[in-house]
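> what follows is a protein structure lacking sequence information:
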């Protein structure tokens, strides 16, 4: 009687499939495991390893189907659930991923990486307390992977505005891995948001020193440099960031703003054109470009771009204010319009509950353009009251107040109002 060849042939195919996986020959791996499954359809490992090959090939649907089959064939195998949970997380099926993580931990409570994965699922679902609890247990139980989990926890704390705790997690991760550019970048972002500009710039610089190709770190440092008016430094960082992040509208906005401050409005306009191209549904690129048009004294183009911005964000007080300033103060009588300016400035003040000095300043200018000088004086005096102690703004506002008292409107040929 002939020996049944199936077990030996299937085992040989499994061995060849594993070697193909190790050699990154994924199509060959799929072929080997598929033939093995034909011979032994009752063995869950064949489906699980074929799923790995499908994932490497980018075929996520077939991979998940294979993982489903592996779970059905061996419902007490924690690895099958763990693999499926990881793929479900990738596919943003967070509820199902949590259920698989729960099943893994029911079978094998000591799997710390699964606690970390479940934490990420909870975070993605918006359940921050559950995520933080899982991250804490994962950090305690798995020191080897603690730095990565600490950064996940830091990112969650950053999102929930717990900046001190987020910074502490980043610092703890860096104690384990002192050359981790991503950790420096995240801590820099945390410090920047918390108002520590110097600390943020130091961290972004540390990230760039360890990874010169870290585009987000260069962008973060450019923001810090812009805030301290190092516009040449902004341009240098953005030049590098554009090579690394060529599709980021924000990089072009930032470089354009720095170029504008350096007195190079034509170059700035080119950058803002690119920002509009990259983010045509966003309001800010149009507002930035409007500022460049204004600096070039193309007031009609500035107004058009602000109107485009309002189409995209019809509740932007800043845009209403900027458009109102153009219509109230530009020297071109074909563009200037007191009634439109007053309508925009009034809307900006309504949206900010009449508490923004710059918007009241614009409303005063619009009232003056309408010939309502008593109203202009009243609004300008209120604006002055809100900037008490700021010598530069007081002087600027006083200059216009004197114009209104003399029955004259404001005319400005520089940048936009506050």
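Here it is on my side, so go on. These numbers were taken from a predicted model, which means no experiment stands behind them.

> unless I'm mixing things up, residue 169 is touching residue 151, no?
Yes: contact between residue 169 and residue 151 holds when scored by Cβ atoms under 8 Å: they sit 7.0 Å apart. Bear in mind the C-beta positions are built from the backbone N, C-alpha and C, glycine included.

> out of these two, which sits in the busier spot?
More crowded of residue 169 and residue 151, by other Cβ atoms under 10 Å: residue 169, with 28 against 22.

> next helix or strand past the lowest-mean-pLDDT helix or strand in the chain?
For the chain, using mean pLDDT, DSSP states H and E, the weakest element among its helices and strands is helix 6-22, scoring a mean of 86. Toward the C-terminal end, the helix or strand that comes next after helix 6-22 (DSSP states H and E) is helix 26-39.

> now do that next one: everything it contacts.
Contacts of helix 26-39 from elsewhere in the structure, counted by Cβ atoms under 8 Å, 6 or more residues apart in numbering, are 6, 9-10, 13-14, 16-18, 20-21, 43, 46-47, 49-50, 52-54, 56-57.

> low-confidence stretches in the stretch 1-150 of the chain?
By pLDDT under 70, the weakly predicted segments of the stretch 1-150 of the chain are 1-8.

> same thing with the stretch 301-418 of the chain?
Residues of the stretch 301-418 of the chain meeting the criterion pLDDT under 70: 413-418.

> please repeat the previous calculation with a cut-off of 90.
Per-residue confidence of the stretch 301-418 of the chain (counting by pLDDT under 90) places the weak regions at 412-418.

> any chance you could map the helices in it?
317-329, 338-351, 357-369, 373-386, 391-405 (DSSP state H, counting those that start in this stretch).

> adding mean neighbour count and distance to residue 91, write those out as JSON lines.
Formatted as JSON lines, the entries for these read as follows, by neighbours: other Cβ atoms under 10 Å; distance: least, Cβ to Cβ, whole Å:
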{"stretch": "helix 317-329", "mean neighbour count": "26", "distance to residue 91": "38"}
{"stretch": "helix 338-351", "mean neighbour count": "20", "distance to residue 91": "40"}
{"stretch": "helix 357-369", "mean neighbour count": "28", "distance to residue 91": "46"}
{"stretch": "helix 373-386", "mean neighbour count": "19", "distance to residue 91": "51"}
{"stretch": "helix 391-405", "mean neighbour count": "16", "distance to residue 91": "53"}
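
> I'd like these laid out as a markdown table, including distance to residue 163.
Rendered in a markdown table, the data for the helices of the stretch 301-418 of the chain read as follows (distance: least, Cβ to Cβ, whole Å):
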| stretch | distance to residue 163 |
| --- | --- |
| helix 317-329 | 25 |
| helix 338-351 | 28 |
| helix 357-369 | 28 |
| helix 373-386 | 28 |
| helix 391-405 | 29 |
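
> tell me which of these lies nearest to residue 278.
With respect to residue 278, and counting by Cβ to Cβ, the nearest of the helices of the stretch 301-418 of the chain is helix 317-329 at 19.4 Å.

> any idea of the angle the closest one forms with helix 357-369?
Angle of helix 317-329 versus helix 357-369, following axes from the mean of the first three to the mean of the last three Cα atoms, to 10 degrees, is 30 degrees.

> quick one: helix 317-329 to helix 338-351, angle?
Orientation note: helix 317-329 sits at an angle of 150 degrees relative to helix 338-351 (the same axes, to 10 degrees).

> report all helices and strands that helix 317-329 contacts.
Using 3 or more Cβ pairs under 8 Å, 6 or more residues apart in numbering; DSSP states H and E as the contact criterion, the secondary-structure elements in contact with helix 317-329 are helix 284-295, helix 299-312, helix 338-351, helix 357-369.
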